[in-house]
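Engineer: I would like the atomic coordinates for the input below:
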Amino acid sequence: MLDTLGVQRAAIVGHSFGGMLAIYFARIYPDMTAALVLENPIGLEDYRGTIPPQTLATLFATEMAQTPDSYRTFMKAFFTGRTTVKELADGQLVEIDGAGHVSHLERPQEFLGALTKFLASRM
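Structural biologist: Predicted structure coming up:
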């Protein structure tokens with residue numbers, strides 16, 4: 001599609017599973033990738049060392065006991081990408097207070113501000 005539109009370079013932005021796809025795109029087409037933005041992507045870190053194996057019954061009980069605050073605390077503790085960002089030559093981690101997995105919907109102004117600032121510094 002980018003070829004058809006005549007776009008030679010683009011900022012690639014991916015959220016959740018789309019973050020993993022954005023990484024695939026950037027690896028396959030590095031010359032077309034002007035900037036890569038990952039919003040709460042999956043599949044970047046191996047959590048087996050920090051989250052021990054659990055039985056299905058334990059996982060279910062834990063999920064059912066979650067509150068919005070306990071869920072945010074869990075997500076912040078384990079899924080912030082601090083390990084991954086250190087491996088990126090020009091990586092930057094932006095944490096948006098009060099946002100969970102869907103930052104662009106939960107805190108749209110803060111997300112857009114961070115995205116705009118990042119892209120302005122890269123393009």
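Engineer: in stretch 102-122, what counts as buried?
Structural biologist: 103-104, 107, 110-111, 114-115, 118 (16 or more other C-beta atoms under 10 Å). All C-beta spots, glycine's among them, are computed from the backbone N, C-alpha and C.
Engineer: scratch that, stretch 28-36
Structural biologist: 33, 35-36.
Engineer: now for the buried residues of stretch 102-122, which pair is the farthest apart?
Structural biologist: Farthest pair in these (C-beta to C-beta) is 107 and 118. Separation: 15.3 Å.
Engineer: Can you find the helix or strand in this structure with the smallest mean pLDDT?
Structural biologist: Ranked by mean pLDDT, DSSP states H and E, the helix or strand of the chain with the weakest confidence is helix 82-86, at a mean of 69.
Engineer: Check which element follows that one along the chain.
Structural biologist: Per DSSP states H and E, the first helix or strand lying C-terminal to helix 82-86 is helix 103-106.
Engineer: can you give me phi and psi for the spatially most central residue of the chain?
Structural biologist: Centroid check for the chain by C-alpha atoms, centre = their mean gives residue 40 as the closest residue, at 2.3 Å. Dihedral angles of residue 40 (phi, psi; degrees, to the nearest 10) stand at phi 50, psi 60.
Engineer: For residue 21, give its distance to residue 58.
Structural biologist: 31 Å (C-beta to C-beta, to the nearest Å).
Engineer: Perfect, that will be all.
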